[in-house]
Structure formats: structure tokens, C-alpha cells
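A.B. asks: Here is a sequence together with a model predicted from it:
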Amino acid sequence: MAPTVAIIGAGFGGLCMGIQLRKAGITTYTIFEKAGGLGGTWRDNTYPGAACDVPSHLYSYSFEQRHDWTRRYPRQQEILAYLEHCADKYGLRPHLRLNTEVTAVTFDESLNRWRVTTTEGDEGLFDVVVSGVGQLNRPRLPDIPGLSTYQGTAFHSARWNHDHDLTGRHVAVIGNGSSAAQFIPRVARVARRLDVYQRTPNWVIPKPDGEYGPRARLVFKRFPLIQSANRERIYRFIEGVVFPVLVGGWSRRLLMKRAQDHLEQQVHDPELRAKLTPSYPIGCKRIVIDSDFYPALTRPNVELVTDPITRIVPSGIETAGGTTREADTIIYATGFQTTDFLAPIEITGREGRRLHEVWKGGAEAYLGVAVPYFPNLFLLYGPNTNLGHNSIILMIEAQVRYIMGCLPLLSAHGPMEVRQATMDAWRRTLDQAMARTVWEASCHSWYKNAAGRVTNNWPQPTTVYRRITQAPRPEAYTYH
Ligand code: N01
């Protein structure tokens, strides 16, 4: 009998899992989604200018290529439309439970099954649970004193307030990561004044974006092989050139030079340029890929504030030295709670082990997918599977293929649980590879937890990950 599967989250990961189950003829699955629509991060992030900085042909499932992407780099609306299309094409709608947040999953040892609880109540028992909640799903507000005293309009970039027109306003943006870099140029065009509060400068490289004209799209349509070749070419280029940046050598120096040139070409004021020049090695934090960010900062109505913020006051933001800049709108582009994987879901495995307790020193999972004491629980885009350089869809597809490979094993032998020894060996391998990367350098980033452990990123080429997740090794698991 086919296993019953509970999938948590209807983003790229959860939907991919549903599609592959369906392709395998397994229809006994439910996708639980806390929001009212599918799409995950591409449903949540609707800020002006929201787009992906991975090329369209690569930021889509390998098995569902589109010939008619309108741009080299897809915008949020187009990615969301693509996911909606996938849900229709692969018949996922009947499996979707929207507006249903999973609050707890508990392994019942007497039944060898998972009990899933949602905001709607007890959803019953499932053989397998697959988490597709992602790493960037919970916005993080900064812990700046006085936040609640502010009397203007404030919102987070991932919860954009579209009812609040920014035209003619005095806007403050806190943060200058990938999200801020995308919306700042749009806000700068309409705001009367815009103050950008930067704590740490980022390395920025240009984004070679542009439209795919009708001719290019026709070529992709008529000759799918050209499209696949294009996808492969982009993949190989990113993998071959950008990955070495993360482990050092000549390509890091080259990319750093490219970023420095980009800054020099776009910002002529030496004082502003100095403020925007990072002092850490490129790649240590997520590289911003954008061609409009720097020009926006040179506009006369925009100020880059680098004095540290001391507190939020009712009328605006106070910085060190006691200066207060008024603002009638504050936009927090302060990122996400990234190291608290799967929070706030209460996950209890064998012997009453609580996942968040097990992970209190830092989240970890074998291949980023499986955790000892949690049989038949599989993670998509789990610990140490984020990429600093390539399309996350590659990783998700590899994980889904791996989990699909686990299904016959658990059906034949009972719930499968990764061995502690396998996990320990995995940790050692990971630590060795991680030590060679730039992320451990002296910069802080959302890739690390409070203790400084890199819990989010995959430290090797994606080719390695795809190879080692080709199929599960039965001996890596015990069976209950
Ligand atoms: O968030 P971030 P994001 N006081 O965490 C600052 C993906 N993404 O939403 O650097 C003052 O990068 C913080 O400063 P610092 C992508 O993976 C992808 O922009 O910590 N400032 C930083 O500047 C990306 O990496 C796309 O010193 C404070 C900013 O807030 C990830 O999402 C597009 C502060 C947070 O930057 C997150 O990006 C957009 C404080 N107390 C996003 N606290 C694609 O194109 C935080 N900051 C695929």
C-alpha cells in the first residue's frame, strides 16, 4: 500500500514533492499550507521590484521548463504564475490544504506513524512527513529599542503594505541586503526623501537582466534542445566560476575586482563610495546582484546613513551622537529568522525527543534531509543545503529524488531512521568542507547561528550534492 505523506508548505519544495509523488502514482498525500495561497517566498515577498537573481531557465524545475520567460531574471509575479501553472498541470489542487498551519507533528511509536496537528485540529496519522517550509519564511524585526513607540507606518519588506502609498513621503529603510537593494530604487523614485540605514556594506555585482524578445522565445519553443543547452550553460558557468569564489583563489579576486569596478562606475562621490565598500571577503555574506541599487543611492533625495541606530523614537530614528531623522514610514528590510529551522512547529520524535531541543546547538541533518530519532521525517531545503551561488531548485530536486528513493525502503522495512554514526560521520565531513569556505571568515551573516556555526549553507559544489543524494544508502538507516 502506498505510504500516506504529509507535506508542510506549498512553496517550491512542497510542490515539487507533490509533483513527484503524483508522477509515481502516489496520491495519498496532503500539502498543508498556512497561508491562503501557494508559492511560499514568492507569495510573501511582493515588494516593488521583487525578482530573482538566478536566471529564469535555471530558477524553474528541470522537468517543467518554460520557453516563454519574459526576462533573463524572473520577477516575482512571473515565478508565482509559474508555480500556479505547475499546481494546475500536475493536479496538485485537490491535495492542497490552504489556511492550515501545522503546529505539531509527533511520532507515535506504538503505531510507527506521525500524528499531524494543525490550527484546524488533529489531522490524523501519516506514514511520512516532509517539511518544505524553507529557510526564509519568518521575517525578522530588528531588536532595536523603541520599536513599538514609533507612530508612523512601519512594515517588513516581506509583508509589504500595498495600501500605504509612498509617494511624496519621507521613508526610512533599515537594511541593505538583496531585498532592500531591489525595492530601494523603486521607492527612491516616488518618495520625497529616503534614508537608507546601512549597518554593513554589501558586495554588489551587476545583474545582466533584460527581456527575452519574441525571437528568442520562439527559438526556445521550436528548439527545446537549445533551451536545455542554455540552461546547462548557465548552470555550468555559475558552478564553475562562482563556486570557487566561496573557497578562495583567483576567481574570488576577479569577482571582487568586478564588484569594485561596478561600484566605481556607478558611484563617483568618493565619500559615498567609501561608505559602500565592504571590508570582508566577497561571498562571506550573500552577494547582492543588482544594477539599480547604487544609482538610487546617488539621487539627491536619498541619504545613506551609516551612523549606528540607537533607538526608534515616535517620530523617526535616532543614531549614535543623538541625531534624530524623522520619517513617516519605516521599512524593515532586516531579513529572516534563518537558523531556527522549522520553528515554530513542535516536532517530537522517538523517545519523546524534541527536534528544537536536539538542535539547540545548531540545526543539522544528514544530507540536510534526515535526523536521528525522527524516523520517516524528511526535510527539503534543510540545514546546510542553502546555496551562496546557484539555484536552490537544483538542491530541492535532488532532495525530492532522494526522498522518493526512500519510499520503497520504508515501505519494505518499516520507518527508517538515520543512524547516529552516519550523522556523526556526516558532521565531520561537513565541518572539513566548511572550513575551506569564506563563510567562516570574520563576517556575520544569516548563514550562521548565534554560536557562529554555519547552519544554513552547503559548502561544496552542487554537483557533489547531487551525486551523493542520487539514491539512499540502505545501511545509513535503521528500520523500526
Ligand atoms: O535580508 P538580509 P534580505 N540594525 O538578511 C540589516 C534572499 N533573497 O531580506 O548586514 C541595522 O540579507 C542587515 O545588516 P547586517 C537572499 O538569499 C533572494 O535582504 O546584518 N541593520 C542587512 O543589511 C538573501 O540573502 C533574492 O549588518 C540591521 C539587512 O538588515 C535573503 O533572501 C531576493 C539590523 C538584512 O539583510 C535575505 O535577504 C531577495 C539592525 N538591528 C532576497 N538587523 C533573490 O533574488 C538587520 N539589519 C533570489
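C.D. replies: Perfect, I can see it now.

A.B. asks: going forward, measure contacts and count neighbours with C-alpha atoms only.
C.D. replies: Fine.

A.B. asks: tell me the mean pLDDT over the helix ranked longest in the chain?
C.D. replies: In the chain, with assignment by DSSP state H, the single longest helix is helix 392-413. Here helix 392-413 scores 98 as its mean pLDDT.

A.B. asks: Buried ones in it, by neighbour count?
C.D. replies: For helix 392-413, the buried set under the neighbour-count rule, 16 or more other Cα atoms under 10 Å, comprises 392-407, 409-410.

A.B. asks: same deal with stretch 137-145?
C.D. replies: 137-141.

A.B. asks: for stretch 287-306, same thing?
C.D. replies: Under 16+ other Cα under 10 Å, the buried positions of stretch 287-306 are 287-294, 296-298, 301-306.

A.B. asks: related to what we said a few turns ago, which ones, among the buried residues of stretch 137-145, also lie beside the ligand?
C.D. replies: Taking Cα under 6 Å from any ligand atom as the test, the ligand is in contact with none of these.

A.B. asks: So what touches the least confident helix or strand in the chain by mean pLDDT?
C.D. replies: Within the chain, no helix or strand scores below helix 243-247, which has a mean of 83 by mean pLDDT, DSSP states H and E. When contacts are defined by Cα atoms under 8 Å, 6 or more residues apart in numbering, helix 243-247 is touched by residues 251-253, 255, 282-284, 388-389, 436-439, 460-461.

A.B. asks: ok, now stretch 56-66?
C.D. replies: Contacts for stretch 56-66 (Cα under 8 Å, 6+ apart): 69, 71-74, 86, 227, 230-231, 234-235, 391-394, 397.

A.B. asks: Inside helices: which ones of the contacts of helix 243-247?
C.D. replies: Using DSSP H, the contacts of helix 243-247 in helices are 251-253, 255.

A.B. asks: Can you turn the buried part of those residues into a ChimeraX selection?
C.D. replies: Buried subset of the ones in helices among the contacts of helix 243-247, written as a ChimeraX selection, criterion 16+ other Cα under 10 Å:
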select :251,252,255
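
A.B. asks: Assign E232 to helix, strand or coil.
C.D. replies: The local conformation at E232, judged by DSSP: H, G, I helix; E, B strand; the rest coil, is helix.

A.B. asks: quick one on the thing from earlier: narrow the contacts of helix 243-247 to those that are buried.
C.D. replies: By 16+ other Cα under 10 Å, those give 251-252, 255, 282-284, 388-389, 437-439, 460-461 as buried.

A.B. asks: What residues does this structure have near the ligand?
C.D. replies: 51-53, 142-144, 174-180, 199-200, 286, 333-335, 446.

A.B. asks: Mind checking which of these land in strands?
C.D. replies: I174 (DSSP state E).

A.B. asks: Quick one: buried ones out of the residues of the chain next to the ligand?
C.D. replies: 51-53, 174-180, 200, 286, 333-335, 446.

A.B. asks: Mind picking the one among those residues that's closest to N376?
C.D. replies: N376 has its nearest neighbour among these in W446, at 28.6 Å by Cα to Cα.

A.B. asks: Now do the contacts for the closest one.
C.D. replies: Counting by Cα under 8 Å, 6+ apart, W446 has contacts 285, 336, 338-339, 456.
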